[in-house]
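Engineer: Model the following, please.
(chains A and B)
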Amino acid sequence: MSQIRVRFAPSPTGYLHVGGARTALFNWLFARRHGGVFILRIEDTDLQRSSTAMVEGILQGMEWLGLDYDEGPFFQSDYVEQHRAAAHRLLDTGWAYRDFTPKAERTDAEVKQQISEAARQPALLNPWRDTPRAESDARAAAGEPHVIRFKVPQEGKTSFVDSVFGLQERECREIEDLVLLRTDGHPLYNLCVVVDDIEMGITHVIRGQDHLMNTHKQILIYQALGKPVPMFAHLPLILAPSKEKLSKRKHGEIVSVTAYRDRGFIPEAFLNFLALLGWAPDSAEFRDREIFSRAELIEHFSLDRIHKSNAVFNFNEGDERNWTDQKALWMNGEYIKSMPLEELLPLVRVELEKACLWNDEFDGVRRAEILRTLGILRDRYRTLTDFATLGRPYIVDGLDFTYDEAAVAKNLRKDPALATLLPALADQFATLDEFTHESTEAALRAFAEQQGVKAGLLINGSRTALTGQSVGPGMFDVFVAIGQSRTVERLRHAATLI
RNA sequence: GGCGCGUUGGUGUAACUGGUUAACACGCCGCCCUCUCAAGGCGGAGAGCACGGGUUCGAGUCCCGUACGCGCUACCA
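Structural biologist: Model (predicted):
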């Protein structure tokens, strides 16, 4: 069999959203799995709704996810002449005709309205369908405005075997004579895809299920053009919590992949999550696992493990903690806590730089120190941005962080004695020659005993004094992470909060 | 309206060509650990497989119907 060639063909009418990203991913996995070619083609024939900013967003999303393409990006708008030529070839071979019906101006809303109304009665055959060629040519030559429509056969049916949905059949008479070329000569989607897919030698079309019906029209065009029909695999849709198809326009930035990049997702984790939306590995060995490396995904990917029903993607913009699908957040957390620290650091660095917390020494003399700090923090973080927000007290010098009111009330103000105990503890710490987990623990416990208070009181008080928070890693690790001088400073300062 | 597709716990999925009390992950709840938890360990609740009928010794798995959901139905893509 000849080499597999697939393409991802987004239209730049919005940023790359998670549905599109999954389509891209599945195409990419399929190509990589079979040593095929993955092509990126931007379908920008709808000039009014396309924009270069959106193209840029799509490119960025692809790059972030590591979905590298072997050819492209191609722009469909660069091939309009070929699209027109194909339409005229169909006209010449009798597979298309000119329709001189005046164009109806209507808004999107009106179109939608009319679809449901007009479709109630069976469609009539277009009166221009069988206009003699000579008359058609004469009218066209006279400059009479017209569209070119595909002449759908009135007999028989189209069929294809979809790799996901199985045998698909449709009566030709139920397919309308679709417009190939608009009045202004602009080629339309169904013609463009077919011409481009032929031109690019696409062997497998992997795309969203919303194109399942279009496929019949496209197959008719392939056949009229005398070209072989590729294989098709339609993917189930990704739905919003409201169960509608995900869309940038309706659901906003929260469904765009760049939002996941900006909010601290690790591309590998997001990819992993996406791969499991509508697909599951075959191998029994992998059945009860959720975390798969990119290489494992490639190795085990197959179209026949894609299932047919739509998947709900749970996001919740209003919820600060669970702003997106909880499983995605969990998965990102798994990557954060298990990846090599050396690989985590550059990712965290980006976040720290954004928050103006990065210090070049973190990549020099303080590298070991920062790695150790990341090591104790990452167990409970789920996004990279957590390092810059929740992790801020661990990174920043001085007292440039906020004290959580509830934490202060719970751990500091609870016992007024802490106003003197914590500075006294600071004095103890200041005398330590070595500032380690062991030495700080010994010092703190000895001090607690000497003062006749529970170690927990000092520990919890210290946590809030040093981090402003009520939760965090084991306290003796925190002392070491914050370091002797900052620890002493913050313990003394805590007295002013009580 | 027509056509198409789908329907396993709240969510994502599993269950070999029909065969034990439907499995895993996320989430939820509880307990333990403990200096805290958004960490870790252990355990639990939650679907009888949309509903109804049929085929079969036996069906989530096959057939029919119904309901519901989604998609498409543009001189959008």
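Engineer: rest of the way, CA atoms for contacts and neighbours
Structural biologist: OK.
Engineer: So which residues on the stretch 301-450 of chain A come close to RNA strand B?
Structural biologist: In this structure, the stretch 301-450 of chain A approaches RNA strand B at residues A:305-314, A:321, A:326-328, A:330, A:379-381, A:390, judged by C-alpha under 7 Å from any atom of the strand.
Engineer: Using ChimeraX, define a selection of the buried residues within these.
Structural biologist: Selection of buried members from these for ChimeraX, criterion 16 or more other C-alpha atoms under 10 Å:
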select /A:306,307,308,310,311,312,313,314,328,330,381,390
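Engineer: Sitting in helices, which of the residues of the stretch 301-450 of chain A next to RNA strand B do you find?
Structural biologist: Under the assignment DSSP state H, those contribute A:Q326, A:K327, A:A328, A:W330 to helices.
Engineer: Dump those to a markdown table, plus pLDDT.
Structural biologist: Output for those, formatted as a markdown table (pLDDT from 0 to 100):
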| residue | pLDDT |
| --- | --- |
| A:Q326 | 93 |
| A:K327 | 94 |
| A:A328 | 95 |
| A:W330 | 96 |
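Engineer: Next secondary structure after the least confident helix or strand in chain A by mean pLDDT?
Structural biologist: Among the helices and strands of chain A, helix A:108-118 carries the lowest confidence by mean pLDDT, DSSP states H and E, at a mean of 68. Beyond helix A:108-118 in the direction of the C-terminus, DSSP states H and E gives the next helix or strand as helix A:133-141.
Engineer: That next one close to RNA strand B?
Structural biologist: No: using C-alpha under 7 Å from any atom of the strand, helix A:133-141 stays clear of RNA strand B, with a minimum separation of 13.5 Å.
Engineer: Okay, buried residues for that helix please.
Structural biologist: A:S136.
Engineer: Direction included, what does the very next helix or strand once past that helix pair up with?
Structural biologist: Helices and strands here follow DSSP H and E; after helix A:133-141, the next one along the chain is strand A:147-150. Using DSSP bridges, strand A:147-150 pairs in its sheet with strand A:96-99 (antiparallel), strand A:179-181 (antiparallel).
Engineer: Mind checking those strands for the one nearest to A:D78?
Structural biologist: strand A:179-181 (15.8 Å; C-alpha to C-alpha).
Engineer: The next helix or strand after that closest one vs RNA strand B: in contact?
Structural biologist: Next helix or strand after strand A:179-181 toward the C-terminus (DSSP H and E): helix A:189-199. Yes: Helix A:189-199 reaches RNA strand B (C-alpha under 7 Å from any atom of the strand) through A:Y189, A:N190.
Engineer: Could you dump the strands paired with strand A:147-150 into TSV with mean pLDDT and distance to RNA strand B added?
Structural biologist: Shown next, in TSV, are the strands paired with strand A:147-150 (pLDDT from 0 to 100; distance: least, C-alpha to the nearest atom of the strand, whole Å):
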stretch	mean pLDDT	distance to RNA strand B
strand A:96-99	95	7
strand A:179-181	95	5
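Engineer: Mind putting these into a markdown table with mean neighbour count and distance to A:T402?
Structural biologist: Output for these, formatted as a markdown table (neighbours: other C-alpha atoms under 10 Å; distance: least, C-alpha to C-alpha, whole Å):
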| stretch | mean neighbour count | distance to A:T402 |
| --- | --- | --- |
| strand A:96-99 | 25 | 70 |
| strand A:179-181 | 24 | 62 |
